[in-house]
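Peer 1: Output the structure for:
(6 chains)
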4 protein chains.
Amino acid sequence: MSDDAGIGHNSALGGIAGDRLRSFIERIERLEEEKAALLADIKEVYAEAKGTGFDVKILRMVVRRRKMDAAERDELDDLLDVYERACNALLA
Amino acid sequence: MSDDAGIGHNSALGGIAGDRLRSFIERIERLEEEKAALLADIKEVYAEAKGTGFDVKILRMVVRRRKMDAAERDELDDLLDVYERACNALLA
Amino acid sequence: MSDDAGIGHNSALGGIAGDRLRSFIERIERLEEEKAALLADIKEVYAEAKGTGFDVKILRMVVRRRKMDAAERDELDDLLDVYERACNALLA
Amino acid sequence: MSDDAGIGHNSALGGIAGDRLRSFIERIERLEEEKAALLADIKEVYAEAKGTGFDVKILRMVVRRRKMDAAERDELDDLLDVYERACNALLA
DNA sequence: AACGTTGAAATAGTTC
DNA sequence: GAACTATTTCAACGTT
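Peer 2: I've put the predicted structure just below:
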């Protein structure tokens, strides 16, 4: 009773199979650890690139844009252009 | 650039209502200015506190912690809710 | 009473002026509330713009880019271009 | 600094070493692929748990809460440290 | 004054 | 499509 999630009975709360629950939680936490490791690796690569003289912000932009296909990329650029023009139009 | 022939006065550039767009942009920019001012104020208070001898890092921790405590309380309510609803959904 | 006399007691732990501390904290929290209100306002404007048919993502880009001066903006665009070219260069 | 990204072999475009750049980009993209795979795995586990009758929202809460608890512990250590150091800095 | 660290804010994706 | 959560990006801060 001491260390469950704050609700009364432990191993079978409304039919919860505690061991099964725990198993899922652990699997998830294991995967999240791996994910954290990968994030650290990625960070490291960016850091190394920066150390070589590259601009990290731009690198991120490049990576992000490469995820899109050409059509998307073009559409984005177009839209931005249209908006900026529209925004400046009345000044004249 | 290319097809500005018929536009003349204002509103429609590439199908976008430029005046409306600009209105939104300006409202946002106005609010962001206010926000920037507030951020500056906050910074100033921290600086003053520091000048009085307080450790800014601690101050930030305290503020953050108080915010978190409030959030925690809210989340607890959520938890109760969600547990209750879940009890029905759970398998035997 | 002197500074280091009563460590372990409350209102002057190691010389901390509790009331002064509290005052700073409250000022900060007050400002943070205002900030939160502004953030909500900004969000609302974006929502309204979206309801009128504008693309929020692009709107944010426009706002962000307007914060920079023309020179910065150009440099950014240039850099991105250079990187993307460099990245594709070896394919030939 | 003065040493830029190793021009001299082949693909210097605008002063950027394209091959080196591409190497970084590819390393990052490789890692991001792995990350995406992990995300998919995690999603799958949640889906499986859901299929077994668990409420995904709760599961996420539990996982998050456990992560926060760990973070809390770390922060407490920090706090102690920082308070100790601050005691010296504080005014009378 | 560059660097990494950390916290806040924006964005994207998911679920209902 | 609206709300919520997770992820990513951005900016501040102390450190060296």
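
Peer 1: which residues does the residue nearest to A:Tyr46 when sequence neighbours are not counted contact?
Peer 2: Using Cβ to Cβ, 6 or more residues apart in numbering or on different chains and skipping the chain neighbours, the partner closest in space to A:Tyr46 is A:Val56 (5.2 Å). Quick note: C-beta positions are derived from backbone N, CA and C, even for glycine. Listed by Cβ atoms under 8 Å, 6 or more residues apart in numbering or on different chains, the contact set of A:Val56 reads A:46, A:49-50.

Peer 1: Among these, name the buried ones.
Peer 2: The neighbour count (16 or more other Cβ atoms under 10 Å in any protein chain shown) marks A:46, A:49 as buried among the contacts of A:Val56.

Peer 1: Mind checking which of the contacts of A:Val56 land in helices?
Peer 2: Among the contacts of A:Val56, the ones falling in helices (DSSP state H) are A:46, A:49-50.

Peer 1: and chain A, which of its residues are near chain C?
Peer 2: By Cβ under 8 Å from any Cβ of the partner chain, the residues of chain A that approach chain C are A:55, A:58-59, A:61-62, A:65, A:76, A:79-80, A:83-84, A:87.

Peer 1: how about those in TSV, adding pLDDT, secondary structure and neighbour count?
Peer 2: Shown next, in TSV, are the residues of chain A next to chain C (pLDDT from 0 to 100; DSSP: H, G, I helix; E, B strand; the rest coil; neighbours: other Cβ atoms under 10 Å in any protein chain shown):
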residue	pLDDT	secondary structure	neighbour count
A:Asp55	94	coil	16
A:Ile58	94	helix	17
A:Leu59	95	helix	20
A:Met61	94	helix	16
A:Val62	94	helix	21
A:Arg65	91	helix	16
A:Leu76	87	helix	16
A:Leu79	88	helix	17
A:Leu80	88	helix	16
A:Tyr83	88	helix	23
A:Glu84	87	helix	17
A:Cys87	84	helix	22
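
Peer 1: Which pair of the residues you listed spans the longest distance?
Peer 2: Pairwise distances across these (Cβ to Cβ) peak at 28.8 Å, for the pair A:Leu59 and A:Cys87.

Peer 1: re the thing from before, just the closest of the residues of chain A next to chain C to A:Ile28, please.
Peer 2: A:Leu59 (30.8 Å).

Peer 1: Apart from its chain neighbours, what residue comes closest to the closest one?
Peer 2: In space, A:Leu59 is closest to A:Ala49, 5.9 Å off (Cβ to Cβ, 6+ apart).

Peer 1: Distance check, the one you found against DNA strand E.
Peer 2: Distance from A:Ala49 to DNA strand E, counting by Cβ to the nearest atom of the strand, to the nearest Å: 10 Å.

Peer 1: so what's the spatially most central residue of chain A up against?
Peer 2: For chain A, the residue nearest the mean C-alpha position is A:Leu39 (9.5 Å; Cα atoms, centre = their mean). Contact analysis of A:Leu39 by Cβ under 8 Å, 6+ apart lists D:Lys35.

Peer 1: Tell me which helix or strand it sits in.
Peer 2: Using DSSP states H and E, the element containing A:Leu39 is helix A:18-51.

Peer 1: tell me the mean pLDDT for that helix?
Peer 2: Taken as a whole, helix A:18-51 carries a mean pLDDT of 93.

Peer 1: So for that helix, what gets flagged as buried?
Peer 2: A:21, A:24-25, A:27-28, A:31, A:35, A:38, A:41-42, A:45-46, A:49.

Peer 1: How about it and DNA strand F, touching?
Peer 2: Yes. Counting by Cβ under 7 Å from any atom of the strand, DNA strand F is contacted by helix A:18-51 at A:35, A:39.

Peer 1: any idea of the angle that helix forms with helix D:18-51?
Peer 2: 170 degrees (axes from the mean of the first three to the mean of the last three Cα atoms, to 10 degrees).

Peer 1: For the nearest residue to A:Val62 once chain neighbours are set aside, give me its contacts.
Peer 2: Excluding its sequence neighbours, the residue lying closest to A:Val62 (Cβ to Cβ, 6+ apart) is C:Tyr83, at 5.2 Å. For C:Tyr83, the contact set (Cβ under 8 Å, 6+ apart) comprises A:55, A:58-59, A:61-62, D:16, D:21.
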